[in-house]
Structure formats: C-alpha cells, structure tokens
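Undergrad: got a sequence here, can you build the structure:
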Amino acid sequence: MDERLDPEKSTVAAANYLRDLYAVFGSWDLAQAAYNAGEVRVQQAIQGSGTRDFWVLHRRSPHLLPETKNFIPAIHAATLIGRQPEQYGFHRGTRGTGALRGHDRAQGEPAHPVGGALWASRSRTSSSSIPSSGRNRHRPMPPMS
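TA: Numbering: from 1, shown residues only. Just a heads-up that it's a prediction; the model follows:
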C-alpha cells in the first residue's frame, strides 16, 4: 500500500515537513507558503523582494503564484473559524462528531458539514469581515507523539 494514502502516516509526514520548513524560514506563514509552492520558489520570492514578511511578498512578489498567495489567508480563515465557529455562522454538529455545520442563507437550512478552506465560502463570510490575526504571528505546533 502506498503510505501516502494512509491518513495517519501522511499527516505525521506533513507535520514533520512543516516543522522542518519552519526551522528553515522562521515563520509559519513562510513555512506554509513553502509547503504549498516549494522551498525554492519562496526563497526566490524572498531574495527578489528583500523581505521575509509573507504579507509584503503577497503584495509584491511575482514569484508567488495566486494559489500560494491565497493559501495562507485560507489557513488563517480556517483557524479563526475553527476557534470561534459561532461568530462566523457555524454551529457544532448535534451528532457528537464535532463537525461544524454552516447555515446556508440562500436556502435557510443547515448546510452539509464543511471543513478546511470551504468554511469561509460556505458561510458567505467575506475576507474583510475576518479579523486580522496580526502579521508574523507564530502559531505553536502541537507536540509530536
């Protein structure tokens, strides 16, 4: 069996890789950008713009593709929504699964369980209504067992 298809092993591998990228770049935003775009592309963006601030790179660097420029804000949005789902129109599932359910305003009925980057679009939350988490704010990584 291809171990990349094993959810536990691939999650541990991804977490280890992110930890390694953080050690290289010293910033979770840059580590996540490198996870998405590759280390070389992020290094080129840093060298080309002379900054290690992801948000400056986001605005100015032609080296980062739109996919990567949107990846980090999506992670920030998912993190904020996960911490305070009710503030963004989500409610905890009643089946004990811990799933969040968005409210589909167009239909007036609960939407299907949602997760990840779909949360913001599913709740019709605009990015301008999501409070800023601050630049270069480092999020601790959970300990590896």
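Undergrad: domain-wise, how is the protein divided?
TA: Following automatic domain parsing, one gets these domains for the chain: 1-64, 66-133.
Undergrad: hey, least reliable of these by pLDDT?
TA: Sorting the domains of the chain by mean pLDDT places domain 66-133 lowest, at a mean of 64.
Undergrad: which residues touch Gly26?
TA: Gly26 makes contact with Arg52, according to CB atoms under 8 Å, 6 or more residues apart in numbering. For every residue, glycine as well, the C-beta is placed using N, CA and C.
Undergrad: and Leu57, by the same measure?
TA: Contact analysis of Leu57 by CB under 8 Å, 6+ apart lists 33, 42, 45-46, 49, 51, 63-64.
Undergrad: let's see 10 Å
TA: 29-30, 33, 42, 45-46, 48-49, 51, 63-64, 68-69, 72 (CB atoms under 10 Å, 6 or more residues apart in numbering).
Undergrad: burial of Asn70, as a residue count?
TA: Number of residues near Asn70 (other CB atoms under 10 Å) recorded here: 15.
Undergrad: no wait, Gln87
TA: Residues near Gln87, counting by other CB under 10 Å: 13.
Undergrad: now it: how far from His63?
TA: 35 Å (CB to CB, to the nearest Å).
Undergrad: got it, and Asp2?
TA: 32 Å.
Undergrad: follow-up on the earlier one: okay, the contacts of Leu57 in TSV with secondary structure, distance to Ala78 and neighbour count next?
TA: Shown next, in TSV, are the contacts of Leu57 (DSSP: H, G, I helix; E, B strand; the rest coil; distance: CB to CB, whole Å; neighbours: other CB atoms under 10 Å):
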residue	secondary structure	distance to Ala78	neighbour count
Asp29	helix	14	25
Leu30	helix	18	24
Ala33	helix	16	28
Val42	helix	21	27
Ala45	helix	23	25
Ile46	helix	25	20
Gly48	helix	29	14
Ser49	helix	26	17
Thr51	coil	25	14
His63	coil	25	18
Leu64	coil	19	25
Thr68	helix	16	23
Lys69	helix	16	18
Ile72	helix	11	21
